[in-house]
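S.K.: model the following, please.
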Amino acid sequence: MRTDSSPGTLPAREHLPATDAGTPVLDVVIPVYNEEKDLQPCVLRLHEHLKRTFPYAFRITIADNASTDTTPRVSARLEAELPEVRAFRLEQKGRGRALRTVWSSSDAPVLAYMDVDLSTDLNALLPLVAPLISGHSDLAIGSRLARSSRVVRGAKREFISRSYNLILRGSLQARFSDAQCGFKAIRRDVAQVLLPLVEDSGWFFDTEMLVIAERAGLRIHEVPVDWVDDPDSTVHIVKTATDDLKGVWRVGRALATGSLPLDRITRPFGDDPRDRDIQDVPKGLARQLVGFCVVGGLSTLFYLVLYSAFRQFGGSQTANALALLVSAVANTAANRRLTFGVRGSGGAVRHQAQGLVVFGIGLALTSGSLAALNAASSDPAHSTELAVLIAANLAATVLRFLLFRAWVFPDRRESTVVAAHTPSAPASFTAPGAHQQPYPPLPQRPAAQAPTQAPQYATAPRSPYDSDQFGSSQSGTSRFDTTPFRAGEAADRTSRDATAWLQPVRPTGTDPKDA
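M.R.: As a prediction, this is how the structure comes out:
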């Protein structure tokens with residue numbers, strides 16, 4: 001599992017502004033391997049559907065995974081015939097590798113992919129990407145297991161799909177319903193920080209990406225789809241299932257050990273600009289209280305068991321000190337991970353040192369309570385000692401929570417997030433090594449001007465894939481545009497509402513005079 005540091009906390013989601021020029025809004029990637037027969041009808045059908053229904057400029061990218069048949073020639077011919085189609089070839093196999101490569105290099109703000117067999121009804125494509133364009137969600141997936149989905153496939157594949165998703169729910173606590181449906185989309189700013197954390201380059205790529213996104217608190221939108229199984233699918237079910245189970249074990253282990261910096265790809269709580277104006281409001285207090293109470297209750301039981309065990313070999317003060325010391329170390333570690341969401345080993349020693357200071361305060365409270373009890377009674381009963389210690393521990397617990405929240409595990413990001421995302425100073429995300437520039441507004445395809453004229457579409461700028469080598473120019477530098485994406489940057493700065501820039505788009509081929 002990769003632990004590369006991502007650039008930082010994602011900015012609040014914004015509606016992507018729309019204008020009449022710029023780069024394509026949507027880049028649909030089709031990973032293929034030896035698909036010479038199905039590739040051309042698939043691309044032509046998808047291209048026709050997008051031309052007819054999608055209101056913005058788009059691109060279709062064919063990602064060839066080292067095909068050995070005539071797939072590269074078919075891809076090159078489609079690229080030459082259709083201006084919205086680009087061909088890209090990788091010399092290594094792997095669907096995840098293809099998606100990571102193309103998505104990381106794309107300049108479109110919304111990235112999607114679908115299988116070449118087009119098993120999913122294309123009418124679900126616009127509902128898939130609409131929440132990403134509007135700023136409502138970070139990722140979107142098609143679901144064959146939703147109640148309103150209509151699926152035609154054999155009993156064997158149905159059983160395998162449902163069993164796999166049950167394994168994900170039971171082992172990784174996944175809440176999305178369908179991990180392996182080949183119909184997904186992601187915002188480019190999210191992909192730039194999420195993909196470096198995804199290790200798999202094969203079929204488990206989808207699952208790993210979704211699990212990490214969900215654990216980081218990113219919003220995943222699900223779209224019920226109509227899906228018809230491809231009887232000629234070349235997927236090796238046994239090998240794929242084995243690799244997926246290995247991936248589940250690897251990701252589960254990484255989540256259990258806290259080796260993933262999930263806090264670096266989280267969104268601020270409020271995406272509404274009005275929420276960002278509110279300051280000095282504690283975030284996550286209710287969740288932290290619940291987590292702290294659960295950890296505190298278990299720690300108290302652990303402490304009482306240790307005290308009773310140590311009391312057999314020593315006096316009450318010695319037993320109390322040892323039991324409190326051991327339980328305090330365990331309590332600090334549990335609260336660090338579960339209550340305050342601190343992952344990884346960074347700062348663990350300092351947190352334990354601060355926890356020991358808090359332990360000293362608790363020790364003073366409980367020892368003082370025992371001393372007062374012994375002063376009041378020369379030989380108190382064991383049950384009386386436990387009752388006094390429980391009361392003293394409750395008081396120490398309240399004080400411990402306040403010290404943990406304000407001193408040991410302070411949320412230093414809160415004030416920064418609020419200040420960085422005010423409407424007057426929209427936040428931006430800059431990829432590593434890139435220059436900080438605003439992302440251009442989203443282009444729209446103009447509507448037809450008259451029923452007798454062929455629809456004229458705005459020509460998108462030349463794609464970064466347009467080169468003989470697809471990856472390098474004559475100077476040897478990369479041809480891929482990695483300009484950072486800045487969400488919510490409206491073209492007219494006199495308006496603070498980016499949604500005002502979405503103009504109604506008339507379907508192509510209709511008469512504008514026809515009401």
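S.K.: report the secondary structure state of residue 63.
M.R.: Assigned with DSSP: H, G, I helix; E, B strand; the rest coil, residue 63 falls in the strand class.
S.K.: with residue 28 instead?
M.R.: Judged by three-state DSSP, the three-state class of residue 28 is strand.
S.K.: what about it, neighbour count?
M.R.: Neighbour count for residue 28, taken as other Cβ atoms under 10 Å: 26. In short, each C-beta sits where N, CA and C put it, glycine included.
S.K.: tell me who's in contact with it.
M.R.: 46, 50, 58-61, 112-114, 125 (Cβ atoms under 8 Å, 6 or more residues apart in numbering).
S.K.: again, only this time at 7 Å
M.R.: Applying Cβ atoms under 7 Å, 6 or more residues apart in numbering to residue 28 gives the contacts 46, 58, 60-61, 112-114.
S.K.: over to residue 174?
M.R.: Residue 174 makes contact with 168, 211, 214, according to Cβ under 7 Å, 6+ apart.
S.K.: which one of those is nearest residue 24?
M.R.: residue 214 (27.9 Å; Cβ to Cβ).
S.K.: other SSEs contacting the helix or strand that contains the closest one?
M.R.: According to DSSP states H and E, residue 214 maps onto helix 205-215. Counting contacts by 3 or more Cβ pairs under 7 Å, 6 or more residues apart in numbering; DSSP states H and E, helix 205-215 packs against helix 95-105, helix 188-194, strand 220-224, helix 237-257.
S.K.: looking at these, which is closest to residue 26?
M.R.: Nearest of these (Cβ to Cβ): helix 188-194, 10.5 Å.
S.K.: show me what that closest one is packed up against.
M.R.: Other helices and strands packing on helix 188-194, by 3+ Cβ pairs under 7 Å, 6+ apart, are strand 110-114, helix 205-215.
S.K.: in CSV: these, plus mean pLDDT.
M.R.: Below are the helices and strands packed on helix 188-194 laid out as CSV (pLDDT from 0 to 100):
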stretch, mean pLDDT
strand 110-114, 95
helix 205-215, 92
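S.K.: could you dump those into a markdown table and include mean neighbour count and distance to residue 264?
M.R.: A markdown table is the format used below for these (neighbours: other Cβ atoms under 10 Å; distance: least, Cβ to Cβ, whole Å):
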| stretch | mean neighbour count | distance to residue 264 |
| --- | --- | --- |
| strand 110-114 | 24 | 20 |
| helix 205-215 | 23 | 11 |
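S.K.: nearest to residue 333, of these?
M.R.: Among the helices and strands packed on helix 188-194, the nearest to residue 333 by Cβ to Cβ is helix 205-215 (19.3 Å).
S.K.: what part of this structure, helix or strand, is modelled with the least confidence?
M.R.: Counting by mean pLDDT, DSSP states H and E, the weakest-scoring helix or strand in the chain turns out to be helix 413-420, with a mean of 36.
S.K.: and the helices and strands packed on helix 205-215, which is most packed in?
M.R.: helix 188-194 (a mean of 24; mean count of other Cβ atoms under 10 Å).
S.K.: for it, what is the average pLDDT?
M.R.: When pLDDT is averaged along helix 188-194, the result is 92.
S.K.: closest to residue 366 out of the contacts of residue 174?
M.R.: Lowest distance from residue 366 to the contacts of residue 174 (Cβ to Cβ) belongs to residue 214, with 40.6 Å.
S.K.: follow-up on the earlier one: mind putting the contacts of residue 174 into TSV with distance to residue 24?
M.R.: Formatted as TSV, the contacts of residue 174 follow (distance: Cβ to Cβ, whole Å):
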residue	distance to residue 24
168	33
211	29
214	28
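S.K.: quick one: low-confidence ranges for the stretch 1-150 of the chain?
M.R.: Applying pLDDT under 70 to the stretch 1-150 of the chain flags the ranges 1-9, 18-22.
S.K.: hmm, 90 instead?
M.R.: Within the stretch 1-150 of the chain, the ranges that satisfy pLDDT under 90 run 1-23, 38, 65-66, 91-95, 117-119, 135, 145-147.
S.K.: could you pull out the strands in it for me?
M.R.: With DSSP state E, counting those that start in this stretch as the criterion, the stretch 1-150 of the chain has strands at 18-19, 26-32, 58-65, 85-90, 110-114, 139-143, 150-152.
S.K.: which residues touch the most centrally placed residue in the chain?
M.R.: Closest to where the C-alpha atoms of the chain average out (Cα atoms, centre = their mean) is residue 213, at 2.3 Å. Applying Cβ under 7 Å, 6+ apart, we find residue 213 in contact with 138-139, 194, 220.
S.K.: could you do residue 244 as well?
M.R.: Applying Cβ under 7 Å, 6+ apart, the residues near residue 244 are 164, 203-204, 207.
S.K.: from residue 358, how far out is it?
M.R.: Distance check for residue 244 against residue 358: by Cβ to Cβ, to the nearest Å, it reads 43 Å.
S.K.: likewise residue 194?
M.R.: For residue 194 relative to residue 358 (Cβ to Cβ), the value is 36 Å.
S.K.: next: residue 49.
M.R.: Distance, residue 49 to residue 358, using Cβ to Cβ: 61 Å.
S.K.: more crowded one of the two?
M.R.: Per other Cβ under 10 Å, whichever of residue 49 and residue 358 has more neighbours is residue 358, with 21 against 15.
S.K.: which stretches of this protein form helices?
M.R.: 39-53, 71-81, 95-105, 125-134, 155-172, 188-194, 205-215, 237-257, 273-276, 285-311, 316-334, 348-376, 382-403, 413-420 (DSSP state H).
S.K.: export those as JSON lines, with columns for distance to residue 340.
M.R.: What follows is the helices of the chain, written out as JSON lines (distance: least, Cβ to Cβ, whole Å):
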{"stretch": "helix 39-53", "distance to residue 340": "46"}
{"stretch": "helix 71-81", "distance to residue 340": "50"}
{"stretch": "helix 95-105", "distance to residue 340": "32"}
{"stretch": "helix 125-134", "distance to residue 340": "30"}
{"stretch": "helix 155-172", "distance to residue 340": "22"}
{"stretch": "helix 188-194", "distance to residue 340": "22"}
{"stretch": "helix 205-215", "distance to residue 340": "15"}
{"stretch": "helix 237-257", "distance to residue 340": "16"}
{"stretch": "helix 273-276", "distance to residue 340": "22"}
{"stretch": "helix 285-311", "distance to residue 340": "7"}
{"stretch": "helix 316-334", "distance to residue 340": "10"}
{"stretch": "helix 348-376", "distance to residue 340": "9"}
{"stretch": "helix 382-403", "distance to residue 340": "10"}
{"stretch": "helix 413-420", "distance to residue 340": "12"}
